[in-house]
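**Q** Everything below, folded, please.
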Amino acid sequence: MKSPTSQTVIVAVVFALIAYAITYIVPVSAVLFAGLVFIAAFLAPLVACKTSTNSCSSGSSTNEAISDEDVRTLYVGNLPYRANETAVRELFSTHGSVHSVRLMKDKHTGKRRGFGFVEMASDDLDGAIAALNDTEFQQRTLKVREAKERPDRNEDHNED
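**A** Purely as a prediction, here's the structure:
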């Protein structure tokens, strides 16, 4: 879940204050006030996005917006089993803009499998690979390369 921008929070507070002022001037029930605040919660992000210069569709918390076309995925292998998403994000953030981190877990045991994927800005991908491949992280030597496209699981692999 994305955290709201400060502009979205400000717009939401202004909507809430307007709703409070309306219910103070015109005596109405608490249900109507709650309804106005509920509607304001949906309108605030829309109003903030239209007035903002940054793209609202990106998941980036930095000033530089990352569109879906500018994001590529890295495979990170030989990760320590104790490594978590935050530690991996911090490691890769020193080499560029990180969009997301996913560390794979075993379905049955829930334990980490020792590899994962990091989505980064395309411009930072080559630098991160060069800087982090074959380097030590928590006593393990990382294997970092661009991730390959996953084959479609619905295809029939038993062709003759």
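**Q** Helix, strand or coil: sort out residue 134 for me.
**A** At residue 134 the chain is in coil, as set by DSSP: H, G, I helix; E, B strand; the rest coil.
**Q** That one: neighbour count?
**A** Residue 134 has 9 neighbouring residues, counting by other C-beta atoms under 10 Å. Any C-beta I mention is one placed from the backbone N, CA and C, and that applies to glycine too.
**Q** again, but for residue 142
**A** 20.
**Q** Strands along the chain, start to end?
**A** For the chain, applying DSSP state E gives strands covering 71-77, 98-105, 112-121, 136-137, 140-141, 143-146.
**Q** Reformat those strands into TSV and put mean neighbour count and distance to residue 8 next to each item.
**A** Compiled in TSV, the strands of the chain are given as follows (neighbours: other C-beta atoms under 10 Å; distance: least, C-beta to C-beta, whole Å):
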stretch	mean neighbour count	distance to residue 8
strand 71-77	19	22
strand 98-105	17	20
strand 112-121	19	23
strand 136-137	12	36
strand 140-141	14	40
strand 143-146	14	34
